[in-house]
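Enquirer: coords please:
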Amino acid sequence: MDNLKFLSISLFCESFFVAAIALFVLFKNPRSRVNIVFSSYSFTGFIFLFFTAMMFLAKDEYSIIFWDRMVYLGVVFMPSLMFHLGALISKREKEYKIWIILGYVISIIFFPISQTDYFLKDLFRYKWGFHAVAQPFHHIFISIFLVFIIGYLYIVYQNYHNSSPGQERNQAKYYLIASVVLMLTSMQFMPAYKIGVYPVGFFFIVVYLAIVGYAMVKYRLMDIRIAATRTSVFIAVYTIILGFPFVLTASYRDFLINRVGINWFYIPLISMAVLATVGPFIYIYINKRIEDRLLREQRRYQDTLKQASLGMTRIRDLNKLFKLIVHILTRTVRLNYAAIYFYNEKADKYMLSALRDHELSGTSEIASNSALIELLDHKKETIVYEEVKRKNQDIISLQLKDVEKTMVGLCASLVVPCFTRDKLLGFLVMGEKLSKQIYTQEDINIFSVLSHQTALAIENALFYQEVKETQTQLFQAEKMATIGTMADGLSHQINNRFNAMSIIAEDSLDTMGMMNFDGISEENKKLIEEFRHAFDRIKNNALQGGEVVRGLLKYSRTGKTGLEALTIDQILDSTIEMVRYKVKVDELNFLRLYSKELPFVLGNLTQLQEVFFNLIDNANDAIHERMEKAAEIDYRGTIQINAHTLPDGFIRIIFEDNGLGVKKEDQEKLFTPFFTTKVSSRQRQGTGLGLYVIKKIIGQYHNGRIFVESGFMKGTKFIIELPQTKKTEAKE
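Expert: Below is the predicted model:
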């Protein structure tokens, strides 16, 4: 097995590698014209390499010339496809449309000519093999090839020169470096002009296609220094691995035959196997050492972010947590802008929660149904602005257009989501690095770890806040229960004082009525009359105060455990007496829409008073909250009570208001202990116990049912169903 066989095996491997690149890039985005043209260009590289390998294996002159001509079935399309690819990369396809068409026309013309004696004829034998000799049409083709190569280089350089700093310029660097590498393949045509050089040009075709393919597919590009370093190390290592057996074969073949005999070729094979085994380890070791030097600063801040992410879970205050995260990001990674958006359940939006920047101002809120949120929720990974921007150039997508527009508004280079149990809690927004360097894949991986830790820290902080609020509410509920117990005793004392004042005033009036005022001056009579009027007012106010105290005492007591026959009016009238002290009923449309002939309900008066009081009070709060939020002209709050009998022996009582209403996602939580929706400026934060107690009174104590129907800005209906009874069936 001679050196040509080794070379042909290498070319076969390279050709299939190039074919794999073509298919990979095409399937990655089959709708992109850039990918289609690149894949076509890669396929011509496959033809070039495969038929060249066949040429090296040929034994006679006819076969060598035949396979050499077959090589040009791919080569003739290389100039036109390469130029078209450059125009697409630089987004100047329309500008160079005539040149692109001309290139394809020339390729089609030379396609049949390349298979004739006017293109290639006769053989040139040199140290490394055979090659057909160039003829007149070959000279013309090579001249055109050089024109298109120069045009391609010009376009690629202009693309790099005009690209904006960051990932776009970094990708342009890939194309420019790949184009320079491509120039080295021109030595492959030298044997056609009887210049005997080692056929290394094939290898540079592979390198070119690999770099361009990587730059097209990998939108999250690596630093160009890393790409160049990895490529250089790869070339150096594998040149030794692949080249050493060829050098050994070419230079020491006779020596090996004399020493080993007919089995001499085992030595190059064994050396190739050994080098192929240790080659990856050598590549990894050298590459790591060089990258550690180049990325020293990057690795430093990545380690800092790892340490910071571990410490975030100890922070209990959400505001402090958010401010710390944006501070760490901007200071450690040295960003010009960083922000955090956190989901606000009541507003159903992602609100700006922390911002660190001296010049930019981010969008204050993002709707939960925006294209960006939908994409984050679907992909569940970091979104890169440059990636979105380039995809928009390749395919028509309204969603991606909206995402790009939103990211521009956010001043975002990266958007990193924070998920917990598939729920998007919020997202981190990062601007550009002050150094103008791009975000690497390692950066994105670190930011993903940071976002996971952020999600855990947010969960911990929310849990801590909920526990704290629950403890506060329990303390408040216990305090209110204690006050209720005290109120029973205090009300008696206060009521006794009012009774004493009333008796004293009445006795004073009786005494004054028995007095003889004859002979008293008019001035004294007038003074006595003023005293009489004052005692009358004291008496009346004492009586009214006593009524208020008796009402409070009546409402605060639990009442008898037995049930009695009650009318709806009876419950409602006694409730209205108390609710007037809190709710300005006269400012509402308070409607009773039920028949006076309804049967009795079986219930405890005091407990049902508490139910009715809470429902009217909640309706009043919802009405005022709508007034504050909607500011509607001619809006007037309405509370209406309706009732009717049911076939199953129950009476349905409906409390309906036209207040703010309750969101769908909150309706299931309404009867949960400590859940409250009272957040308007006129309301103090509710305890979240009212509806829980109501459900308990209706369900457990009265064997009834309670439901809720509501819509945001549409009002709320509370539906109570109580068993009906006859007056004689009431139990004490």
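Enquirer: which stretches of the stretch 501-650 of the chain have low pLDDT?
Expert: Low-confidence segments of the stretch 501-650 of the chain (pLDDT under 70): 517, 544, 546-562, 581.
Enquirer: Would you map the helices across it?
Expert: Under the criterion DSSP state H, counting those that start in this stretch, helices of the stretch 501-650 of the chain are mapped to 522-556, 568-579, 605-630.
Enquirer: what's around Val416, how many residues?
Expert: 24 (other CB atoms under 10 Å). Every C-beta, even on glycine, is put in place using the N, C-alpha and C of the backbone.
Enquirer: if I pick Leu85, what's in contact with it?
Expert: Val34, Val37, Phe38, Tyr41, Tyr152, Val212 (CB atoms under 8 Å, 6 or more residues apart in numbering).
Enquirer: I'd like to know how far it sits from Asp621.
Expert: 67 Å (CB to CB, to the nearest Å).
Enquirer: and if you look at Met512?
Expert: In terms of CB to CB, Met512 sits 49 Å off from Asp621.
Enquirer: what does Gln158 give?
Expert: 67 Å.
Enquirer: Looking at the two, which one has more neighbours?
Expert: A side-by-side neighbour count of Gln158 and Asp621, using other CB under 10 Å, places Asp621 first with 20 against 14.
Enquirer: Distance-wise, check the more buried one relative to Thr44.
Expert: 75 Å.
Enquirer: Same check on Asn319?
Expert: Distance from Asn319 to Thr44, by CB to CB: 60 Å.
Enquirer: higher neighbour count, those two?
Expert: Legend: neighbour count by other CB under 10 Å for Asn319 and Thr44, higher for Thr44 (22 against 11).
Enquirer: contacting residues around that one?
Expert: By CB under 8 Å, 6+ apart, Thr44 lies in contact with Gly74, Val75, Phe77, Met78, Leu81.
Enquirer: got a list of what Gly103 touches?
Expert: So Gly103 contacts Pro79, Ser80, Phe83, His84, Phe148 (CB under 8 Å, 6+ apart).
Enquirer: Over to Tyr126: give its phi and psi.
Expert: phi -140, psi -180 (degrees, to the nearest 10).
Enquirer: thought it was touching Ala192?
Expert: No. Applying CB atoms under 8 Å as the test, Tyr126 and Ala192 come out as separate, 11.2 Å apart.
Enquirer: out of the contacts of Leu85, which is most surrounded?
Expert: Neighbours here mean other CB under 10 Å. Within the contacts of Leu85, the largest count is held by Phe38, at 27 neighbours.
Enquirer: Please identify the helix or strand for it.
Expert: helix 33-57 (DSSP states H and E).
Enquirer: next SSE after that helix?
Expert: With secondary structure assigned by DSSP H and E, helix 33-57 is succeeded by helix 61-75.
Enquirer: Next, report how far that next one is displaced from the centre of its chain.
Expert: Centroid separation between helix 61-75 and its chain, computed with CA atoms, centre = their mean, to the nearest Å, is 55 Å.
Enquirer: which residues are contacting it?
Expert: By CB under 8 Å, 6+ apart, the residues outside helix 61-75 that reach it are 43-48, 51-52, 54-55, 58, 110-111, 114-115, 119-123, 130-132.
Enquirer: got the CA positions of that helix in CSV?
Expert: C-alpha atoms of helix 61-75 as CSV (Å, rounded to 0.1, in the frame of the first residue of the first chain):
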residue,chain,number,x,y,z
GLU,A,61,-4.0,7.1,-17.9
TYR,A,62,-7.5,7.0,-19.2
SER,A,63,-9.0,6.3,-15.7
ILE,A,64,-6.9,9.1,-14.1
ILE,A,65,-8.0,11.7,-16.7
PHE,A,66,-11.6,10.5,-16.4
TRP,A,67,-11.8,10.9,-12.6
ASP,A,68,-9.9,14.2,-12.8
ARG,A,69,-12.5,15.5,-15.2
MET,A,70,-15.3,14.2,-12.8
VAL,A,71,-13.7,16.3,-10.1
TYR,A,72,-14.7,19.4,-12.1
LEU,A,73,-18.4,18.5,-12.1
GLY,A,74,-18.3,20.0,-8.6
VAL,A,75,-15.5,22.5,-9.1
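Enquirer: Show the average pLDDT along it.
Expert: Model confidence over helix 61-75 averages 89 on the pLDDT scale.
Enquirer: Give me the next element, helix or strand, following it.
Expert: Later in the chain than helix 61-75, the nearest helix or strand by DSSP H and E is helix 78-89.
Enquirer: Pull stretch 133-147 out as CSV, backbone CA atoms only.
Expert: What follows is stretch 133-147, C-alpha atoms only, in CSV (Å, rounded to 0.1, in the frame of the first residue of the first chain):
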residue,chain,number,x,y,z
VAL,A,133,-2.7,18.9,-17.7
ALA,A,134,-4.7,22.1,-18.0
GLN,A,135,-5.9,23.1,-21.5
PRO,A,136,-7.2,26.5,-22.9
PHE,A,137,-10.7,26.4,-21.4
HIS,A,138,-9.2,25.5,-18.1
HIS,A,139,-7.2,28.7,-18.1
ILE,A,140,-10.3,30.7,-18.8
PHE,A,141,-12.2,28.9,-16.0
ILE,A,142,-9.4,29.5,-13.5
SER,A,143,-9.3,33.2,-14.5
ILE,A,144,-13.0,33.5,-13.9
PHE,A,145,-12.6,31.5,-10.6
LEU,A,146,-10.1,34.1,-9.3
VAL,A,147,-12.4,37.0,-10.2
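Enquirer: list the buried ones in it?
Expert: By 16 or more other CB atoms under 10 Å, the buried positions in stretch 133-147 come out as Val133, Ala134, Gln135, Phe137, His138, Phe141, Ile142, Ile144, Phe145.
Enquirer: how much space is there between the fourth one and Ile706?
Expert: Phe137 sits at a distance of 94 Å from Ile706 (criterion: CB to CB).
Enquirer: With the third one instead?
Expert: From Gln135 over to Ile706 the distance is 98 Å, taken as CB to CB.
Enquirer: Just give me the closest of the contacts of Thr44 to Phe24.
Expert: Lowest distance from Phe24 to the contacts of Thr44 (CB to CB) belongs to Leu81, with 17.5 Å.
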